[in-house]
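A.B. asks: need a 3D model of the sequence below.
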Amino acid sequence: MKIGIISDTHDTRPAIHEAIRLFSSLEIDHLLHAGDITSPESLHLFSALPCPVTAVLGNCDRDRSGLGEVARRAGNISIPGRSADLTIDGTRIGMMHGDDPLSLIAAAEAGCFDIIITGHTHRASIRRSGDTLLINPGEASGERYGEATVALLDTERNDVEIIIL
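C.D. replies: Prediction:
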């Protein structure tokens, strides 16, 4: 399966549109958003994808009721809260925004997940902590460091890559 990974869109609509175009062309099977969507209107844009979208709340996602309402109406979007525990194609995936580093460390050390996805730092990274793969797709907005990035995880090839938008 191809899993698109995005974070820290921060209501930057041109970057969101570019990410949606990219993920559509890659024919992803699932999109994971690691938080800081920022507005319900931005979340609604992801409903155009023909696949499930799972998003967690970040520290800038203050309109939680509005985001929840968009998710309910969209049909393909779910927001389980500040974290998500998923199994996709037999791969155990934990997702959290990353603004609580102690929770991230504890989750990695517990070994409950094959992959942990985070955002928050706006820095793209792929690294290991024990047997757990840690993926941060960086900032899709490109506002802080000037480079808009997302990630693509292919569970069949056991491969992940950072993609510059």
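
A.B. asks: lowest confidence element among the helices and strands of the chain?
C.D. replies: Among the secondary structure pieces of the chain, namely its helices and strands, helix 101-110 has the lowest mean (mean pLDDT, DSSP states H and E), a mean of 77.

A.B. asks: next up, the contacts around the residue positioned nearest the centre of the chain.
C.D. replies: Compute the mean C-alpha point of the chain, and by C-alpha atoms, centre = their mean the closest residue is residue 33, 2.4 Å away. Residues counted as contacts of residue 33 (C-beta atoms under 8 Å, 6 or more residues apart in numbering) are 6-7, 9, 46, 53-56. For every residue, glycine as well, the C-beta is placed using N, CA and C.

A.B. asks: between those, which has the most around it?
C.D. replies: Ranked by neighbour count (other C-beta atoms under 10 Å), these have residue 7 at the top, with 34 neighbours.

A.B. asks: gap between that residue and residue 71?
C.D. replies: Distance from residue 7 to residue 71, counting by C-beta to C-beta, to the nearest Å: 17 Å.
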